[in-house]
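> no sequence for this one, just the structure:
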């Protein structure tokens, strides 16, 4: 039986973004019922039972995250919605907010009810102007219909939702960078602990959840935890720490496929099935060489690894950082992995916030090296140097405050380890007289030190 | 004369009730100023700081984190963001950026002499399903080609 989409059920209806259409499809019925029949703790319990894990990249169990909030806190408790979707290859939150903003809002309302938060800030990236328009219009409709404001539907529960617009900085999607940005400061991620649940926005207990996670909450409250657990990948029997990967997931499929788009499938669908069944195969009748598994940060899989299930555990078994955001970018057999790695290194060097030296310098020097390789002045030893950088920056090796550097490292590790032959061939071919050089060589004259985050050039190459 | 006029001040102050601190108003206020003036001149930073009861350095500190905000001169009437991240790059985004540079005679980050168009490289616009994509002010244009770029440029010069 083909899978019937739930998260994307509304998107093809005309005016799917309006309150009238959303309610005609049963929207806000779950909220009305929950406010009458469920206590906040009941909602937390149901979400915990569902096994819902965060859809933004880290995959932390959402109900468990909520339960870290202090009990009987006098308030305020703040709720932040992470709508700063900036991971390259990722666009599913955009589709959700543009086509079905009320589904997201209902998820926010239920989650705020569960966590006793009274203000929710939606941190929306600047690059999504249509989302801004649709989300703001949806909030205004809800206010007019008394679904937002004081004493919602006579339940005693009050909530206001505020959209906070970002300004084109990737690191604002890191939850404490996001908090700093709302507070009006440089979006430098905070050292944890304390975690936001204890001390977050305006130093109060705070929950930060991704847009898609919240849309899942809406359906879990509507349909129950058992429904959610009826699809996905159960926990690994041999791994007591694996909570499993349950529920539907949105996958953003792009790159060299015939039908790029946002698709919904149960967690655990393989990369190959996603490309073949949803994407209509690789474009131009070509073969695939590789794919970004779940947003650039997670790294790449080879064509031979396309049978990897897209769930929270399997990507780790093929050397990827994780499921990430579910943004799958297909690269065909003609696309150069040198170009891929250059594109990746440029992105992370640009987006490093500059706070931690290993990330600021590591991403910068990785870019300098790959630029030099791409310009035909590479040495074989550069590949080992790149791997040395990649293995030493990030929260996994323990050298940075946030995971941005891990995201920079995984594309380097996976591209070079899985496509070393292609890199070596390129270096030998383009630098026949110097590929064996092991002494230090100059960086490219005119190499750039550009950053998204305004810290100025520390090293000049000219 | 003040850089922030009365209506702009009022727009900014309307945001006060949304946040428990004045500092949190900095980013929304910078957006209001940028929308109105096309950039955030240094005088505006000083005036905004006064309005929010902050030191100018606090506002400047936040502003300078986001290379989105420019201070020296207003952006062009059309701010054109060309996506260069992986999905777009795989489908011709880099070539599109080069084409625009050549066509406009400017580099990314620069504004045309007639002050109509500012060209910018963007990191992932989140429009990977319609790559290569560009964002022009508030409008996303997907599945771009050189022909479509030509049409856009022509439509702007007619206005």
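Perfect, I can see it now. Note that the structure is a prediction, hence the values are computed from the model and not measured. Numbers count the residues shown, from 1 in each chain, chains lettered A, B, ... in the order given.
> and the strands in chain B, which stretches?
B:78-83, B:117-122, B:134-136, B:139-141 (DSSP state E).
> try chain A
Listed in chain order, the strands of chain A (DSSP E) span A:78-83, A:119-124, A:160-165, A:206-210, A:232-233, A:245-246, A:248-255, A:261-266, A:288-292, A:300-302, A:327-332.
> those strands: which one's closest to chain B?
strand A:248-255 (3.5 Å; Cβ to the nearest Cβ). The way it works is simple: take the backbone N, C-alpha and C, and place the C-beta from them, glycine included.
> is that closest one anywhere near chain B?
Yes. Strand A:248-255 reaches chain B (Cβ under 8 Å from any Cβ of the partner chain) through A:252-255.
> same check, this time on stretch A:139-156
No. Stretch A:139-156 stays clear of chain B (Cβ under 8 Å from any Cβ), getting no nearer than 11.9 Å.
> for that stretch, the averaged confidence score.
Averaging pLDDT along stretch A:139-156 gives 97.
> quick check: domain ranges of the chain?
I went with chain A, as the question did not name one. A:19-230, A:247-332, A:337-430 (automatic domain parsing).
> meant chain B actually
B:6-63, B:78-157.
> the shortest one spans what distance, first to last residue?
According to Cα to Cα, to the nearest Å, domain B:6-63 extends 22 Å from its N-terminal end residue to its C-terminal end residue.
> what bits of the chain have low per-residue confidence?
All of this is about chain A. Within chain A, the segments meeting pLDDT under 70 span A:1, A:445-462.
> that's the other chain; I wanted chain B
B:1, B:158-159.
> so what sits opposite residue B:78 in the bridge?
On the basis of DSSP bridges, residue B:78 is bridged to residue B:117.
> still on that earlier bit, would TSV of the residues of strand A:248-255 next to chain B with neighbour count be doable?
Putting the residues of strand A:248-255 next to chain B into TSV (neighbours: other Cβ atoms under 10 Å in any protein chain shown) gives the following:
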residue	neighbour count
A:252	28
A:253	28
A:254	28
A:255	29
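> ok, residue A:176 touching residue A:402?
Yes. Taking Cβ atoms under 8 Å as the definition, residue A:176 is a contact partner of residue A:402 at 7.3 Å.
> mutual contacts of these two, please.
Shared contacts of residue A:176 and residue A:402, defined by Cβ atoms under 8 Å, 6 or more residues apart in numbering or on different chains, comprise residue A:189.
> before we move on, back to that, compare the domains of chain A and give me the one nearest residue A:440.
domain A:337-430 (9.9 Å; Cβ to Cβ).
> does chain B sit close to the closest one?
Yes. Counting by Cβ under 8 Å from any Cβ, chain B has neighbours in domain A:337-430: A:339-340, A:343-344, A:346-347, A:350-351, A:353.
> what is the burial count for residue 124?
Since you didn't name a chain, this refers to chain A. 24 (other Cβ atoms under 10 Å in any protein chain shown).
> ah, I was thinking of chain B
Residue B:124 is flanked by 28 other residues according to other Cβ under 10 Å.
> separation between it and chain A?
4 Å (Cβ to the nearest Cβ, to the nearest Å).
> how close does residue A:405 get to residue A:207?
25 Å (Cβ to Cβ, to the nearest Å).
> and these two? which has more neighbours close in?
Neighbours of residue A:405 and residue A:207, each counted by other Cβ under 10 Å, are more numerous for residue A:405; the result is 28 against 25.
> who are the contact partners of the more buried one?
Counting by Cβ under 8 Å, 6+ apart, the residues that residue A:405 touches are A:348, A:352, A:356, A:358-359, A:362-363, A:393-395, A:399.
> quick check: which of the strands of chain B is buried the most?
With neighbours taken as mean count of other Cβ atoms under 10 Å in any protein chain shown, those reach their highest mean count in strand B:78-83, at a mean of 23.
> run through who's touching that one.
With contacts defined as Cβ under 8 Å, 6+ apart, strand B:78-83 is touched by A:127, B:93, B:96-97, B:100, B:108, B:116-125, B:127, B:131-137, B:156.
> repeat that for 7 Å
Contacts to strand B:78-83, defined as Cβ atoms under 7 Å, 6 or more residues apart in numbering or on different chains, come from residues B:93, B:96-97, B:100, B:116-122, B:124-125, B:127, B:131-137, B:156.
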